[in-house]
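Novice: Mind looking at a prediction? Sequence and model below.
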Amino acid sequence: MLITFEGIDGCGKSTQINLLKQHLEAQGKQVRVYREPGGTSIAEKIRSLLLDSKNEIAAVSELLLFSAARAQLVQEQIIPALKSGNVVILDRFYDSTTAYQGYGRSVLPLKDIDALNKMASHGFIPNLTFYLRIPLTLALQRRAERAQDRMEMAGDEFYTRVIEGYELMVKEHPRFIVLDGAQPIESIALEIQKHL
Ligand code: ADP
Ligand code: TYD
(Lines give C-alpha, C1' and ligand atoms only; values in the text may rest on other atoms or scores of the structure.)
(Ligands and ions follow the chains in the order given, each with its own letter.)
Protein backbone atom coordinates (compact mmCIF):
# COMPACT_ATOMS: atom_id res chain seq x y z
CA MET A 1 0.00 0.00 0.00
CA LEU A 2 1.28 3.44 -0.97
CA ILE A 3 0.14 6.44 1.09
CA THR A 4 1.25 9.98 0.29
CA PHE A 5 1.02 13.27 2.18
CA GLU A 6 0.75 16.61 0.41
CA GLY A 7 0.33 20.28 1.24
CA ILE A 8 2.35 23.47 1.43
CA ASP A 9 5.52 23.68 3.52
CA GLY A 10 4.68 23.70 7.22
CA CYS A 11 1.20 22.14 6.84
CA GLY A 12 2.10 19.35 9.31
CA LYS A 13 2.98 16.41 7.03
CA SER A 14 6.02 15.16 8.96
CA THR A 15 4.15 15.40 12.26
CA GLN A 16 1.22 13.34 10.96
CA ILE A 17 3.44 10.84 9.17
CA ASN A 18 5.28 10.05 12.41
CA LEU A 19 1.98 9.49 14.23
CA LEU A 20 0.56 7.33 11.44
CA LYS A 21 3.73 5.23 11.34
CA GLN A 22 3.46 4.58 15.09
CA HIS A 23 -0.24 3.74 14.73
CA LEU A 24 0.33 1.24 11.90
CA GLU A 25 3.33 -0.35 13.60
CA ALA A 26 1.26 -0.86 16.73
CA GLN A 27 -1.04 -2.94 14.51
CA GLY A 28 1.95 -5.08 13.52
CA LYS A 29 2.40 -3.56 10.05
CA GLN A 30 5.81 -3.02 8.49
CA VAL A 31 6.10 0.64 7.54
CA ARG A 32 8.68 2.49 5.46
CA VAL A 33 8.71 6.30 5.34
CA TYR A 34 10.52 8.40 2.73
CA ARG A 35 10.61 12.12 2.08
CA GLU A 36 10.85 13.71 -1.33
CA PRO A 37 13.18 14.81 -2.63
CA GLY A 38 15.45 12.31 -0.88
CA GLY A 39 15.51 8.79 0.51
CA THR A 40 18.56 7.47 -1.39
CA SER A 41 22.12 8.69 -1.52
CA ILE A 42 21.72 10.15 -5.04
CA ALA A 43 18.33 11.67 -4.25
CA GLU A 44 19.67 13.31 -1.06
CA LYS A 45 22.45 14.90 -3.15
CA ILE A 46 19.84 16.22 -5.60
CA ARG A 47 17.83 17.49 -2.59
CA SER A 48 20.82 19.54 -1.40
CA LEU A 49 21.14 21.11 -4.85
CA LEU A 50 17.43 21.91 -5.03
CA LEU A 51 17.02 23.39 -1.56
CA ASP A 52 20.31 25.31 -1.24
CA SER A 53 19.24 28.97 -1.28
CA LYS A 54 22.57 29.94 -2.91
CA ASN A 55 21.73 28.03 -6.11
CA GLU A 56 20.05 29.69 -9.06
CA ILE A 57 18.21 26.91 -10.86
CA ALA A 58 16.32 27.32 -14.13
CA ALA A 59 12.66 26.28 -13.87
CA VAL A 60 12.99 23.36 -16.30
CA SER A 61 16.15 22.13 -14.53
CA GLU A 62 14.27 22.28 -11.23
CA LEU A 63 11.45 20.18 -12.68
CA LEU A 64 13.90 17.60 -14.04
CA LEU A 65 15.91 17.44 -10.81
CA PHE A 66 12.81 16.75 -8.68
CA SER A 67 11.82 14.09 -11.22
CA ALA A 68 15.31 12.55 -11.26
CA ALA A 69 15.33 12.30 -7.47
CA ARG A 70 11.91 10.61 -7.62
CA ALA A 71 12.94 8.08 -10.27
CA GLN A 72 15.89 7.07 -8.09
CA LEU A 73 13.76 6.73 -4.94
CA VAL A 74 11.10 4.67 -6.71
CA GLN A 75 13.61 2.27 -8.24
CA GLU A 76 15.92 1.91 -5.24
CA GLN A 77 13.47 1.95 -2.34
CA ILE A 78 9.76 2.12 -3.13
CA ILE A 79 9.47 -0.81 -5.53
CA PRO A 80 11.42 -3.23 -3.26
CA ALA A 81 9.53 -2.03 -0.16
CA LEU A 82 6.12 -2.54 -1.80
CA LYS A 83 7.20 -5.94 -3.14
CA SER A 84 8.07 -7.06 0.39
CA GLY A 85 4.62 -6.08 1.61
CA ASN A 86 5.49 -2.88 3.47
CA VAL A 87 3.15 0.04 3.86
CA VAL A 88 5.05 2.88 2.19
CA ILE A 89 4.35 6.42 3.39
CA LEU A 90 5.73 9.30 1.35
CA ASP A 91 6.23 12.86 2.54
CA ARG A 92 5.41 14.29 -0.92
CA PHE A 93 5.24 12.48 -4.27
CA TYR A 94 4.50 13.56 -7.83
CA ASP A 95 1.49 15.67 -6.82
CA SER A 96 4.06 18.09 -5.37
CA THR A 97 5.58 18.45 -8.84
CA THR A 98 2.15 19.17 -10.33
CA ALA A 99 1.41 21.74 -7.60
CA TYR A 100 4.83 23.45 -7.33
CA GLN A 101 6.35 23.16 -10.81
CA GLY A 102 3.07 22.81 -12.74
CA TYR A 103 0.84 25.39 -11.04
CA GLY A 104 3.44 27.32 -8.98
CA ARG A 105 6.15 27.88 -11.59
CA SER A 106 3.91 27.21 -14.63
CA VAL A 107 7.01 25.80 -16.26
CA LEU A 108 5.37 23.47 -18.79
CA PRO A 109 1.81 22.58 -19.87
CA LEU A 110 0.22 20.30 -17.25
CA LYS A 111 -0.06 17.40 -19.71
CA ASP A 112 3.74 17.41 -20.09
CA ILE A 113 4.18 17.50 -16.31
CA ASP A 114 1.78 14.55 -16.03
CA ALA A 115 3.83 12.57 -18.58
CA LEU A 116 7.05 13.30 -16.72
CA ASN A 117 5.45 12.38 -13.38
CA LYS A 118 4.33 9.06 -14.82
CA MET A 119 7.82 8.34 -16.10
CA ALA A 120 9.58 9.28 -12.85
CA SER A 121 7.17 7.31 -10.66
CA HIS A 122 7.26 4.21 -12.92
CA GLY A 123 3.49 4.56 -13.23
CA PHE A 124 2.79 3.99 -9.51
CA ILE A 125 -0.32 5.79 -8.28
CA PRO A 126 -0.86 6.29 -4.51
CA ASN A 127 -3.72 4.32 -2.93
CA LEU A 128 -4.47 7.28 -0.67
CA THR A 129 -3.27 10.87 -0.61
CA PHE A 130 -3.82 13.03 2.47
CA TYR A 131 -3.89 16.74 1.70
CA LEU A 132 -3.35 18.93 4.74
CA ARG A 133 -5.09 22.17 3.95
CA ILE A 134 -3.86 25.29 5.78
CA PRO A 135 -3.98 28.99 4.97
CA LEU A 136 -0.69 30.48 3.79
CA THR A 137 -0.60 32.85 6.80
CA LEU A 138 -0.61 29.88 9.21
CA ALA A 139 2.11 28.10 7.21
CA LEU A 140 4.26 31.24 7.37
CA GLN A 141 3.75 31.49 11.15
CA ARG A 142 4.73 27.86 11.63
CA ARG A 143 7.79 28.27 9.43
CA ALA A 144 8.90 31.54 11.03
CA GLU A 145 11.46 29.92 13.31
CA ARG A 146 13.27 27.82 10.74
CA ALA A 147 15.66 29.02 8.01
CA GLN A 148 14.05 29.39 4.59
CA ASP A 149 15.18 26.97 1.87
CA ARG A 150 15.36 27.88 -1.85
CA MET A 151 11.75 26.83 -2.54
CA GLU A 152 10.39 28.71 0.48
CA MET A 153 12.04 31.90 -0.81
CA ALA A 154 9.76 31.81 -3.89
CA GLY A 155 7.28 34.21 -2.28
CA ASP A 156 3.58 34.49 -1.40
CA GLU A 157 2.25 34.72 -4.97
CA PHE A 158 4.01 31.49 -5.84
CA TYR A 159 2.53 29.74 -2.78
CA THR A 160 -0.92 31.09 -3.58
CA ARG A 161 -0.69 29.44 -7.01
CA VAL A 162 0.53 26.20 -5.38
CA ILE A 163 -2.51 26.21 -3.04
CA GLU A 164 -4.86 26.90 -5.97
CA GLY A 165 -3.26 23.99 -7.81
CA TYR A 166 -3.77 21.59 -4.91
CA GLU A 167 -7.40 22.70 -4.58
CA LEU A 168 -8.03 21.82 -8.23
CA MET A 169 -6.21 18.50 -7.87
CA VAL A 170 -8.23 17.38 -4.82
CA LYS A 171 -11.42 17.93 -6.82
CA GLU A 172 -10.09 15.99 -9.78
CA HIS A 173 -8.74 12.84 -8.06
CA PRO A 174 -10.88 10.76 -5.68
CA ARG A 175 -7.76 9.33 -3.98
CA PHE A 176 -7.28 12.70 -2.18
CA ILE A 177 -8.55 13.04 1.38
CA VAL A 178 -8.68 16.64 2.51
CA LEU A 179 -7.86 17.38 6.15
CA ASP A 180 -8.10 20.65 8.04
CA GLY A 181 -4.44 21.16 8.95
CA ALA A 182 -5.33 24.00 11.33
CA GLN A 183 -6.97 21.53 13.77
CA PRO A 184 -5.02 20.19 16.76
CA ILE A 185 -2.42 17.53 15.92
CA GLU A 186 -4.31 14.72 17.73
CA SER A 187 -7.66 15.40 15.99
CA ILE A 188 -6.01 15.28 12.57
CA ALA A 189 -4.25 12.02 13.50
CA LEU A 190 -7.57 10.42 14.51
CA GLU A 191 -9.21 11.55 11.27
CA ILE A 192 -6.34 9.99 9.27
CA GLN A 193 -6.65 6.70 11.18
CA LYS A 194 -10.34 6.48 10.23
CA HIS A 195 -9.33 6.11 6.58
CA LEU A 196 -7.03 3.13 7.19
P1 ADP B 1 5.72 19.82 7.20
O2 ADP B 1 6.40 18.47 7.30
O3 ADP B 1 4.47 19.75 6.39
O4 ADP B 1 6.65 20.91 6.75
P5 ADP B 1 5.75 19.79 10.11
O6 ADP B 1 5.07 18.53 10.52
O7 ADP B 1 7.24 19.83 10.15
O8 ADP B 1 5.23 20.23 8.65
O9 ADP B 1 5.12 20.97 10.97
C10 ADP B 1 5.61 22.32 10.90
C11 ADP B 1 5.54 22.94 12.30
O12 ADP B 1 4.17 23.07 12.70
C13 ADP B 1 6.21 22.10 13.39
O14 ADP B 1 6.78 22.99 14.32
C15 ADP B 1 5.05 21.32 14.01
O16 ADP B 1 5.29 21.01 15.36
C17 ADP B 1 3.90 22.33 13.88
N18 ADP B 1 2.60 21.66 13.68
C19 ADP B 1 2.33 20.59 12.91
N20 ADP B 1 1.01 20.28 12.93
C21 ADP B 1 0.43 21.20 13.74
C22 ADP B 1 -0.94 21.41 14.18
N23 ADP B 1 -1.94 20.64 13.76
N24 ADP B 1 -1.16 22.43 15.02
C25 ADP B 1 -0.15 23.24 15.42
N26 ADP B 1 1.14 23.09 15.05
C27 ADP B 1 1.43 22.09 14.23
P1 TYD C 1 10.88 19.89 2.46
O2 TYD C 1 11.63 20.64 3.52
O3 TYD C 1 11.08 18.41 2.37
O4 TYD C 1 9.32 20.12 2.50
P5 TYD C 1 8.41 20.57 3.69
O6 TYD C 1 8.81 22.00 3.92
O7 TYD C 1 7.06 20.40 3.15
O8 TYD C 1 8.69 19.67 4.86
O9 TYD C 1 11.25 20.62 1.11
C10 TYD C 1 10.83 20.19 -0.09
C11 TYD C 1 10.51 21.42 -0.93
O12 TYD C 1 10.52 21.06 -2.30
C13 TYD C 1 9.14 21.98 -0.63
O14 TYD C 1 9.19 23.40 -0.73
C15 TYD C 1 8.29 21.46 -1.77
C16 TYD C 1 9.27 21.37 -2.90
N17 TYD C 1 8.97 20.33 -3.92
C18 TYD C 1 8.72 20.73 -5.24
O19 TYD C 1 8.72 21.94 -5.55
N20 TYD C 1 8.48 19.78 -6.17
C21 TYD C 1 8.49 18.44 -5.88
O22 TYD C 1 8.26 17.60 -6.78
C23 TYD C 1 8.76 18.05 -4.53
C24 TYD C 1 8.79 16.60 -4.16
C25 TYD C 1 9.00 19.03 -3.58
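Specialist: Looks like it came in fine. Numbering: from 1, shown residues only. Ligands and ions are numbered 1, 2, ... in the order given.

Novice: Now for the protein, the helix or strand with the poorest mean pLDDT.
Specialist: One helix or strand of the chain scores below all others by mean pLDDT, DSSP states H and E: helix 136-143, with a mean of 94.

Novice: Go ahead and flag the most central residue of this protein.
Specialist: The residue lying closest to the centre of the chain (CA atoms, centre = their mean) is Arg92, at 1.5 Å.

Novice: Make sure that one is actually in contact with Lys13.
Specialist: Yes - between Arg92 and Lys13 there is a contact under CB atoms under 8 Å: 7.4 Å. To be clear about C-beta, it is placed using only N, CA and C from the backbone, and glycine gets the same treatment.

Novice: Can you verify my assumption that Leu50 contacts Arg150?
Specialist: Yes - contact criterion CB under 8 Å: Leu50 and Arg150 qualify, at 6.7 Å.

Novice: hang on, the earlier thing: between Arg92 and Lys13, which contacts overlap?
Specialist: Taking CB atoms under 8 Å, 6 or more residues apart in numbering as the criterion, Arg92 and Lys13 both touch 5-6.

Novice: before we move on, the earlier item: of Leu50 and Arg150, who's got more company?
Specialist: Leu50 (19 against 16; other CB atoms under 10 Å).

Novice: give me every residue that touches the residue lying closest to that one once chain neighbours are set aside.
Specialist: Closest residue to Leu50 in three dimensions, ignoring its sequence neighbours and counting by CB to CB, 6 or more residues apart in numbering: Leu65, at 5.5 Å. Each residue near Leu65 by CB under 8 Å, 6+ apart is listed here: 37, 46, 49-50, 57.

Novice: what's the spacing between Leu65 and Glu145?
Specialist: 27 Å (CB to CB, to the nearest Å).

Novice: Just the endpoints, please. Distance across stretch 70-89?
Specialist: Stretch 70-89 has an end-to-end distance of 14 Å (CA to CA, to the nearest Å).

Novice: Just the buried positions in that stretch, please.
Specialist: For stretch 70-89, a neighbour-count test (16 or more other CB atoms under 10 Å) marks 70-74, 76-78, 81-82, 86-89 as buried.

Novice: Okay, angle between the helix or strand that contains Glu157 and helix 136-143 too, please.
Specialist: Here Glu157, judged by DSSP states H and E, is contained in helix 156-172. Orientation check (axes from the mean of the first three to the mean of the last three CA atoms, to 10 degrees): helix 156-172 against helix 136-143 gives 110 degrees.
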